[in-house]
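K.L.:
Pasted the sequence and its predicted model underneath.
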Amino acid sequence: MNIIELENIGKKYILKFEKGAFIKDVIPRLFIPQERKEFWALRGINLTLNNGESLGIIGRNGAGKSTFLNIIAGISAPTEGKVKVNGKISTLLTLGAGFHPELTGEDNIYLNGAILGLKINEVKNRIDEIIKFSELKDFIKQPLYTYSSGMVLRLGFSIAVHINFDVLLIDEILSVGDAPFQEKCLKRINAFKEEGKTLVISSQSLDLIKSLCNRVLLLEKGKTVLLAEPKEVINKYLELIRERTVRRDENNRYPSYPQYPEDIERIKFGWGTRRGTGEARVLEVKLRNDKEEEKEVFETGESLRVNVKYIVEKEVETPHFGVAIFREDHLYCYGPNTLFDGIRIKKLNRGIGNFSIDYKNLILGRGNYRLTVAIWDREEENPYDYHYAYYKFRISDKSSTSSHLIKVPCSLFIDGKRIKKTYNLSVDKIKKAKPDGDNHVEIKEFKCLGRWNREKEEFSLNENLRFLLRIKAQELINSPLVWVGIHGQQDILIQEACFDVGWSIPAGDAVIALFYPKVPLLRGSYSLAMGIGSKNNGEDFRYFPAVANFKFYTSKLDHGIVYLPHHWTLRNP
């Protein structure tokens, strides 16, 4: 039975542009000349999906994936073509869609349930099961604006999977939330598949697409490139990525492949093992500092050189070398290789060779880490030798007890005065504070700023990041501390810092400014969290889990979260 039928689907938008930046500032808007331009987000899409099938949608940012799902869901009507859906649809498309920030999590269950077509009694019968699945516990009685992006996902997914449906639509956002909850979601999705329900999912996680879907649709500029089984389509997508020189588009945005965090189950599989076809083999790996001292413990900010000695048993064509850094909790920190860095190796002759990669400033935070070292074939399908998360080392930071991923500068200003004194307070203590605190601090306004203090939400690698916030304290805050942190997807703590203000914050409004110079983040979605309170009373903190949301893009194909400047040295046989 055909559950979804799309016939020659097209979706057109009309873009309007105002002419003359100076003119629009001095002449009433009525007289501003405008240009109109047609933009086809989708064009000529044909698809038939059978009951019980699982379809994956992949493509670069702007390919039309979200528009495709919105049309199936009935959220957006096609400009041309016909859509037929023979069943009830449940959607998990936009994080927080259908929610109200001022309502509690429990109230939002009723609100979202009504939007999805449930009656009040139906929601009442399922609400205990929804709350239990979401694992939000006491937070279910708190307003939604106190939730992190991962908590909003928990609530949205829990509601979506507890209604009766025939088709489940998911767009990207499963990459939000912590690893255990992601695993729980995937188990639930697999259970739906076994029940014969239909799944349509868009994701930048190619491993997730491969594991869940029996067919995959590749979109490019709103058109179908290929519709086939997963391996064939994914290989085609990777081929397109490698063939094209990445350039900025009209909106100064970059393609977002590959997305992070990469599939946790894929990372765990083979952890600490060695494999390969054997034409070339790694003989020795040594970790050294800039004094050529071999060691296993490095300080944050110290240099790290990875020296690799290898042997080529049989001549190989167009190989490349790769070195990846993982944290012990399976977090993929950074993974460059010579191919991504534009180093072309025509062949390796038989004999002994060496290569090394130098990191002059290891900004990773304290913790235990592992290195992957690999000699790859051109397509990265059958490695000659692959030592996966095989070499252990540790990073120490005597000046901090933080568990954040990277140590980068952060400057804080309150009412124009810079706060220089820091305080050792971690996010774990901040999160234990009451969600609404006792000091009744409110964030009245916030702005995310880029170059020339322009408001923006999308940044490129090594761009300056600024936040401007206006807070209101209902009463005097004695001995105030201000904690700030950047979180990534799955609530990964990227960076944190705590400042000892040094004077009391009076009741009333205050302006807080944050400045992060040249942020070395790769592609992904991020959020700013903040805690404000008194160091005399740890429970007096007000914790704001997601003050602002923003994204980073980059033309680099490197895997991971953080970009670490590096240099390769090759001595081939």
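P.N.:
Sure, I can see it.

K.L.:
is it fair to say Ile159 lies in a helix?
P.N.:
Yes. Looking at Ile159 with DSSP: H, G, I helix; E, B strand; the rest coil, it is inside a helix.

K.L.:
what residue ranges in the stretch 351-500 of the chain score low on pLDDT?
P.N.:
430-439 (pLDDT under 70).

K.L.:
Helices along that one, start to end?
P.N.:
427-431 (DSSP state H, counting those that start in this stretch).

K.L.:
all strands in it, in order from the N-terminus.
P.N.:
351-359, 367-376, 385-396, 411-414, 417-419, 441-449, 458-460, 463-473, 480-487, 493-500 (DSSP state E, counting those that start in this stretch).

K.L.:
Kindly reformat those strands as JSON lines containing distance to Phe139.
P.N.:
Just so you know, the C-beta spots here come from the backbone N, C-alpha and C atoms, and that holds for glycine as well. Converted to JSON lines, those look like this (distance: least, C-beta to C-beta, whole Å):
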{"stretch": "strand 351-359", "distance to Phe139": "40"}
{"stretch": "strand 367-376", "distance to Phe139": "28"}
{"stretch": "strand 385-396", "distance to Phe139": "33"}
{"stretch": "strand 411-414", "distance to Phe139": "28"}
{"stretch": "strand 417-419", "distance to Phe139": "30"}
{"stretch": "strand 441-449", "distance to Phe139": "18"}
{"stretch": "strand 458-460", "distance to Phe139": "29"}
{"stretch": "strand 463-473", "distance to Phe139": "22"}
{"stretch": "strand 480-487", "distance to Phe139": "16"}
{"stretch": "strand 493-500", "distance to Phe139": "19"}
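
K.L.:
nearest to Cys333, of those strands?
P.N.:
strand 367-376 (7.3 Å; C-beta to C-beta).

K.L.:
Mind listing what's buried along that closest one?
P.N.:
Gly367, Tyr369, Arg370, Leu371, Thr372, Val373, Ala374, Ile375, Trp376 (16 or more other C-beta atoms under 10 Å).

K.L.:
Quick one: closest of the strands of the stretch 351-500 of the chain to Leu240.
P.N.:
Of the strands of the stretch 351-500 of the chain, nearest to Leu240 by C-beta to C-beta is strand 367-376, at 19.5 Å.

K.L.:
Tell me which strands the closest one pairs with, and in which orientation.
P.N.:
strand 320-327 (antiparallel), strand 385-396 (antiparallel) (DSSP bridges).

K.L.:
Select, out of these, the one closest to Thr569.
P.N.:
Nearest of the strands paired with strand 367-376 (C-beta to C-beta): strand 320-327, 10.7 Å.

K.L.:
can you give me how far that closest one is from the chain middle?
P.N.:
20 Å (C-alpha atoms, centre = their mean, to the nearest Å).

K.L.:
continuing past that strand, what's the next helix or strand?
P.N.:
Note on strand 320-327: by DSSP states H and E, the next helix or strand toward the C-terminus is strand 332-335.

K.L.:
Which strands or helices does that next one pack on?
P.N.:
strand 320-327, strand 559-560 (3 or more C-beta pairs under 8 Å, 6 or more residues apart in numbering; DSSP states H and E).

K.L.:
I'd like those laid out as TSV, including distance to Asn125 and mean pLDDT.
P.N.:
Rendered in TSV, the data for those read as follows (distance: least, C-beta to C-beta, whole Å; pLDDT from 0 to 100):
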stretch	distance to Asn125	mean pLDDT
strand 320-327	43	96
strand 559-560	45	89
